[in-house]
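Undergrad: sequence plus predicted model, see below.
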Amino acid sequence: MEISKSKSVKREKITRKSYLGNIKKAFSEYHIVKCGSIVTMTPIHEKGAPKTRLPSRTLSYLINLPHTASDFIDKGHHMTPTRSPKETMASKWKEIHGSTNWETLLDPLHPWLRREILKYGEFAEATYDAFDFDSFSEYCGSCRFNKNKLFDKLCLTSHGYKVTKYVYAMANVDVPDWLERAYLGDTWSKDSNWIGYIAVSTEDESMRIGRRDIVVAWRGTVAPTEWLSDLKSRLRPMEYGIDKENVKVQQGFHGIYTAKGENTRYNKLSASEQSMQELTRLVNLYKGKGEEVSLTITGHSLGGALALLNAHEAATAFPDLFVSVISFGAPRVGNIAFRDELTRLGVKVLRVVVKQDIVPRLPGIIFNEILHKFESITRKLKWVYRHVGVELKLNASLSPYLKSEFNLTGFHCLETYLHLLDGFTSSKAKFRWNARRDIALVNKSSEMLIDELRIPANWYQLPYKGLVFNSYYGRWVKPKREPEDIPYPSSEPSSPD
């Protein structure tokens with residue numbers, strides 16, 4: 001049975017109201033009967049159709065319903081959120097990644113661009129989800145999984161990328177007494193933290209997106225020692241680049257990116273050197289095969305700051321490489337000369353920020369905000385911070401699922417960003433009614449969701465806080481990691497192609 005074709009309509013923007021009205025009108029001409037998993041639709045005018053319509057909920061009714069607590073009970077049926085199919089963007093990837101500075105793609109937000117930003121946001125989120133922040137663990141500060149199963153454990157294999165390298169960074173400041181890991185005895189490292197990873201698109205994904213995409217994902221601030229580094233607001237010069245005399249960046253971010261120690265296990269090379277070593281290998285490998293290669297660097301908070309430093313270094317080393325940065329809730333990193341040099345190097349930067357988040361206004365939340373209005377006068381000042389690139393601003397107050405009260409930590413949470421991004425269509429529109437991303441993810445490490453949804457706050461944690469019951473001895477104990485998940489310097493070489 002086929003539904004007869006409707007008359008052609010004028011080309012105009014279809015509003016949500018008219019769209020739902022058309023659906024309701026179409027469904028009103030049919031009797032809908034469900035028996036188990038089989039749904040039968042019978043036209044009212046068809047012979048043998050019942051004279052009295054059975055009571056049913058139309059599609060227009062169902063898609064208008066807001067989420068309730070019952071929606072988050074796993075019933076194993078078709079109401080489980082699904083994502084729209086991936087589009088082949090081989091001919092448009094440069095535009096999606098900022099070749100025209102996203103001039104016509106942000107407001108309204110192009111659906112292809114939304115999907116790409118969410119993808120890189122989830123790559124950045126992986127650095128939090130896999131990070132071992134249990135101060136009682138002998139592996140505190142490392143990744144809980146080895147690189148070959150990171151995406152599988154975090155359900156990210158559908159993105160079509162493979163992790164090739166882990167990156168480690170040192171903590172450059174004194175650690176408070178209560179954070180010292182020495183009292184635990186032997187630990188995997190007393191000097192370093194896992195700070196991110198490098199991944200590359202698979203053959204199938206490369207065909208879809210039109211090039212071989214190399215991704216560097218930098219972790220944001222989790223370890224409190226890094227918070228202390230973040231608070232240092234002094235600027236310092238860069239060791240590389242075109243204008244070494246005038247380009248300056250924030251001292252704390254620079255220290256995390258470049259620090260190394262000869263006597264350490266994981267940081268004989270700095271995070272900068274580790275990443276550039278792997279990027280050089282991958283760029284030469286795939287360009288040597290005649291493939292078009294891009295570099296996309298992403299990160300949240302501190303990770304967004306490290307992403308800019310990494311992009312500056314990579315663009316300097318590979319002048320013919322298309323380099324883009326997609327950051328979330330990132331602070332200011334450098335001065336005006338740093339911003340101008342990134343522009344000259346051709347680095348495309350898209351900064352996703354939440355209006356209520358204070359971190360993107362740091363350092364210098366008051367001073368630099370005022371001086372920004374007088375750039376023609378302050379351009380020569382080497383100590384004035386400036387943001388880089390194009391801004392996509394989201395508003396937490398537009399989501400009907402978030403609490404209205406001010407929550408400094410919640411507004412800065414990456415999952416809050418991804419939720420708002422999924423619901424954003426334009427600066428003048430309400431929250432997207434058909435947003436597909438799971439709302440429960442917002443409360444993974446925050447308490448932003450309204451209580452009516454009944455989603456526990458900070459629910460993303462190990463069962464029993466990492467303890468397991470040893471039935472043989474009858475005790476609760478800290479389990480040993482699987483051998484392949486134990487971080488060893490000798491087990492961290494780059495993955496072969």
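TA: All right, it came through fine.

Undergrad: report the central residue of this structure.
TA: residue 121 (1.3 Å; C-alpha atoms, centre = their mean).

Undergrad: which ones are touching that one?
TA: Applying C-beta atoms under 8 Å, 6 or more residues apart in numbering to residue 121 gives the contacts 298, 300, 326, 328, 352, 414, 417-418, 421. Any C-beta I mention is one placed from the backbone N, CA and C, and that applies to glycine too.

Undergrad: which ones among those map onto strands?
TA: Among these, DSSP state E puts 298, 300, 326, 328, 352 in strands.

Undergrad: where's the first one relative to residue 418, distance?
TA: Distance from residue 298 to residue 418, counting by C-beta to C-beta, to the nearest Å: 12 Å.

Undergrad: and if you look at residue 487?
TA: Residue 487 sits 28 Å away from residue 418, going by C-beta to C-beta.

Undergrad: give the buried residues for the helix or strand encompassing residue 279.
TA: If you go by DSSP states H and E, residue 279 is part of helix 271-288. Using 16 or more other C-beta atoms under 10 Å as the test for burial, helix 271-288 gives 271-276, 278-279, 282-283, 285-286.

Undergrad: try stretch 141-149
TA: Buried residues in stretch 141-149, counted by 16+ other C-beta under 10 Å: 141-147.

Undergrad: which parts of the stretch 51-200 of the chain are helices?
TA: Secondary structure of the stretch 51-200 of the chain (DSSP state H, counting those that start in this stretch): helices located at 59-62, 93-96, 111-129, 150-153.

Undergrad: which stretch among the ones you listed comes nearest residue 136?
TA: Nearest to residue 136, of all the helices of the stretch 51-200 of the chain, is helix 111-129, at 18.9 Å by C-beta to C-beta.

Undergrad: on that earlier part again, in a markdown table, list the contacts of residue 121 along with neighbour count, pLDDT and distance to residue 101.
TA: Converted to a markdown table, those look like this (neighbours: other C-beta atoms under 10 Å; pLDDT from 0 to 100; distance: C-beta to C-beta, whole Å):
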| residue | neighbour count | pLDDT | distance to residue 101 |
| --- | --- | --- | --- |
| 298 | 28 | 98 | 18 |
| 300 | 30 | 96 | 22 |
| 326 | 29 | 98 | 14 |
| 328 | 34 | 97 | 19 |
| 352 | 26 | 98 | 15 |
| 414 | 26 | 96 | 24 |
| 417 | 26 | 97 | 21 |
| 418 | 23 | 97 | 23 |
| 421 | 21 | 97 | 19 |
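
Undergrad: which of those residues lies closest to residue 462?
TA: Comparing the contacts of residue 121 against residue 462 with C-beta to C-beta places residue 414 closest, at 19.5 Å.

Undergrad: what sits closest to the closest one if chain neighbours are left out?
TA: Leaving out its chain neighbours, the residue that sits closest to residue 414 by C-beta to C-beta, 6 or more residues apart in numbering is residue 300, at 4.4 Å.

Undergrad: who's in contact with that neighbour?
TA: Contacts of residue 300 by C-beta under 8 Å, 6+ apart are 121, 124-125, 128, 220, 327-330, 414, 417.
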